[in-house]
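Enquirer: sharing a model prediction with you, sequence too.
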Amino acid sequence: MSPKPLALFVKHDGQSARAALTCEYKCGNACFHEVPNTSGGEYFGDIVAGLNRRGLIKGGAAVVLGVGAVSVLAACGDDSSGTGSSPTGSPGTGTGFTAVAPNKEDALVIPAGYEQSVLIRWGDAVIEGAPAFDFDKQTAAAAAKQFGYNCDFAGLLPIEGQADKYLLVVSHEYSTEPMMFRGYKKDAPTRE
């Protein structure tokens with residue numbers, strides 16, 4: 001596998017690891033447009049392009065020296081807190097389970113000793129009186145009472161004073177209408 005350059009340092013080649021739908025609906029295909037720098041500062045790509053090789057080497061050497069000095073100081077510190085290993089005994093992992101091997105199965109694969117279940121799905125009621133989810137007859141009024149689409153973050157917050165009770169916090173980042181509505185026409189969307 002060859003390394004892929006960071007988009008910070010090169011002009012985007014129009015290729016991305018993201019699905020085309022994700023690019024279109026998450027950021028409006030920003031990679032295919034000129035950068036709209038509305039600030040008074042310079043665009044980072046222009047700054048990098050203006051640096052010469054000798055300046056980069058000098059700057060890189062300063063960073064290496066700084067990191068080296070911090071490493072030496074850290075090595076001199078007192079590590080009386082223990083070995084720093086995780087419950088599994090392997091340093092730095094901290095997970096306490098054996099990772100799932102990479103695979104191409106069309107299934108959810110979980111570590112040995114764990115179990116999984118669906119907590120909530122797109123369209124499940126979150127407010128009393130919510131209608132049953134109907135993919136072909138979804139309305140804004142129904143969606144306002146149902147669990148949303150495309151949650152890219154979920155977290156559990158403990159509820160103070162209530163053992164084993166948590167608040168589920170979910171981010172529904174953006175919608176992908178062609179996946180949500182059969183026959184969606186992006187050039188002629190309705191208000192609904």
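Expert: Perfect, I can see it now. Source: prediction; values computed, not measured.
Enquirer: flag every buried residue along the strand or helix carrying residue 48.
Expert: If you go by DSSP states H and E, residue 48 is part of helix 44-50. Neighbour-count burial for helix 44-50, counted by 16 or more other Cβ atoms under 10 Å, picks out residue 45. Every residue, glycine included, has its C-beta placed from N, CA and C.
Enquirer: please, which helix or strand holds the residue nearest to the spatial centre of the chain?
Expert: Nearest to the mean C-alpha position of the chain, counting by Cα atoms, centre = their mean, stands residue 152 at 6.7 Å. Using DSSP H and E, residue 152 maps to strand 151-158.
Enquirer: quick check: next helix or strand after that strand?
Expert: From strand 151-158, the next helix or strand downstream (DSSP H and E) is strand 166-172.
Enquirer: other residues contacting the helix or strand just after that following strand?
Expert: Next helix or strand after strand 166-172 toward the C-terminus (DSSP H and E): helix 177-180. Residues outside helix 177-180 that contact it (Cβ atoms under 8 Å, 6 or more residues apart in numbering) are 21, 25, 138, 149, 184, 186, 189.
Enquirer: the same query, at a cut-off of 10 Å, please.
Expert: 21, 24-25, 122, 135, 138, 143, 149-150, 184-186, 189 (Cβ atoms under 10 Å, 6 or more residues apart in numbering).
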